[in-house]
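J.: Take this sequence and fold it.
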Amino acid sequence: MFTNRRSSFILSLILILSVVLFAACGGDDEAIPEADRQAAITAPNADEAVSPNLAPDPDKVVAIVNGGEITAEKVYEVASVNMAQMAAQGITFTEEQERMHRILALDLILDNQILMQEAEKRAIQVAPVTLEDQIQSLKDQQGTEDEFEQYLANAGISEADLRDEVARRLQMQNLATLLTRNVTASDEEARAYYDANRETYMTQELTEASYILRNAGETDPEPLRKRAREKADEAHARAVAGEDFAALAKEFSQAPNAAKGGALGMFPRGVMFPAFEKVAFDTEIGGISDVFETVTGYNIMKVTGRKPSEPIPFEEIRPQLKLQLIEEKKGQVMQAEMAKLRKAATVEVLDPDLIPDDLPAEN
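T.: The predicted model follows:
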């Protein structure tokens, strides 16, 4: 039996690699998308392994799926991985919420076991070169071979353990590839989806502005803040009187772009301080704002242009839409296949604590 630390490491890796099964179920095992490939080869740091919420009786068999036993230890550890991610965001759990996480963990384990059994039943193969590539990528992340061996030793696992688990995950991925190999999306489907979701495919509204900044932090001495405000007021008065804004920025501004006349170019919402953004989008084109304050100091802004949000042409995003539809269809195929396999499986949940209150035990 694995030690707790070893199990947590492997189970964390299982959860990471499981993402690949559904997120990258297209293509053969030589063509894993790069983002998913990186997710598949990035194991958690052994020194940061999850401290599991230990099962009272780790060896207790809590469920049986097609003759395969699932222990309490595995359920508690998978639940702990999920809860640890949420706890890192400051979320706490009641006893009943912890129980629900264990129920969800068991459901995940059952699905994984059933898929693994189906992959073995179909004799799904993994190309040796693909497995070696995944293992080598893990080694490369650690640096030298010695560092990789030390990494495994710290986690309490062997390279054989890791290799076996990665191979099983790749086998499941190849099963998903097999099951979704005929999924396609037509131009007509993409167009219909585009027409039904036009509000989703819009460019961002942009505004173009230049600004003058006089530095004045909230904690700066009051005389310094007063002097900064006086300079900002002077620059504002001259700008409103019609002097060239770019020349005033070069004379007054303490912003990094002062030498460029304070020009910011076009920018969308969400990239500037909220107060700065509001002025930039509320001021009319050609208008000069009042002096306003942000965390960096006192500002004056001149808005010089604006580009409204508009539909992205269909042809520009047609390939993206087709890929999106294909992935959605693949997900539906996998959900349907999983439901079929789950219905055909013989599942017995032995621990009443792991049965949802509104459901009977599976048979």
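J.: Please report the distance of Ala344 from Gly331.
T.: 21 Å (CB to CB, to the nearest Å). Every residue, glycine included, has its C-beta placed from N, CA and C.
J.: From the contact counts, what lies against the helix or strand Ala209 falls within?
T.: Assignment of secondary structure by DSSP states H and E places Ala209 within strand 206-215. With contacts defined as 3 or more CB pairs under 8 Å, 6 or more residues apart in numbering; DSSP states H and E, the secondary structure elements packing on strand 206-215 are helix 222-240, helix 245-252, strand 263-268, helix 274-282, strand 297-307.
J.: among the ones you listed, which is nearest Glu98?
T.: In this view, the helices and strands packed on strand 206-215 are compared for proximity to Glu98 by CB to CB, and helix 274-282 is the closest at 38.1 Å.
J.: tell me what that closest one is packed against?
T.: Contact analysis of helix 274-282 by 3+ CB pairs under 8 Å, 6+ apart lists strand 206-215, strand 292-294, strand 297-307 as its packing neighbours.
J.: Out of these, which gets nearest to Gln141?
T.: Shortest distance between Gln141 and the helices and strands packed on helix 274-282, using CB to CB, is found for strand 206-215: 39.5 Å.
J.: what's next to the closest one, contact-wise?
T.: Strand 206-215 has contacts (CB atoms under 8 Å, 6 or more residues apart in numbering) with 228-229, 231-232, 235, 239, 245-246, 248-249, 252-255, 258, 261-268, 276, 280-281, 283, 296-307.
J.: Could I have the buried ones of those as ChimeraX selection syntax?
T.: Selecting just the buried residues from these in ChimeraX takes one command, with 16 or more other CB atoms under 10 Å as the test:
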select :228,229,231,232,235,239,245,246,248,249,252,253,255,258,261,262,264,267,276,280,281,283,296,297,298,299,300,301,302,303,304,306
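J.: export the helices and strands packed on helix 274-282 to CSV and tack on mean pLDDT and distance to Ala167?
T.: As requested, these are exported to CSV (pLDDT from 0 to 100; distance: least, CB to CB, whole Å):
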stretch, mean pLDDT, distance to Ala167
strand 206-215, 98, 49
strand 292-294, 96, 55
strand 297-307, 98, 52
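J.: Tell me which of those strands lies nearest to Ile355.
T.: With distances scored as CB to CB, the stretch of those nearest to Ile355 is strand 206-215 (54.5 Å).
J.: Using a markdown table, please lay out the helices and strands packed on strand 206-215 together with distance to Ile124.
T.: Output for the helices and strands packed on strand 206-215, formatted as a markdown table (distance: least, CB to CB, whole Å):
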| stretch | distance to Ile124 |
| --- | --- |
| helix 222-240 | 68 |
| helix 245-252 | 65 |
| strand 263-268 | 46 |
| helix 274-282 | 52 |
| strand 297-307 | 51 |
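J.: CA-only coordinates of stretch 154-162 in PDB, if you can.
T.: What follows is stretch 154-162 as a C-alpha-only set of coordinates in PDB (Å, rounded to 0.1, in the frame of the first residue of the first chain):
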ATOM      1  CA  ASN A 154      11.100  12.800  -1.600                       C
ATOM      2  CA  ALA A 155       7.700  11.900  -2.900                       C
ATOM      3  CA  GLY A 156       8.100   8.300  -1.800                       C
ATOM      4  CA  ILE A 157       7.400   6.800  -5.300                       C
ATOM      5  CA  SER A 158       9.500   5.000  -7.900                       C
ATOM      6  CA  GLU A 159       9.900   5.800 -11.500                       C
ATOM      7  CA  ALA A 160       8.100   2.600 -12.300                       C
ATOM      8  CA  ASP A 161       5.100   3.800 -10.300                       C
ATOM      9  CA  LEU A 162       5.100   7.100 -12.200                       C
END
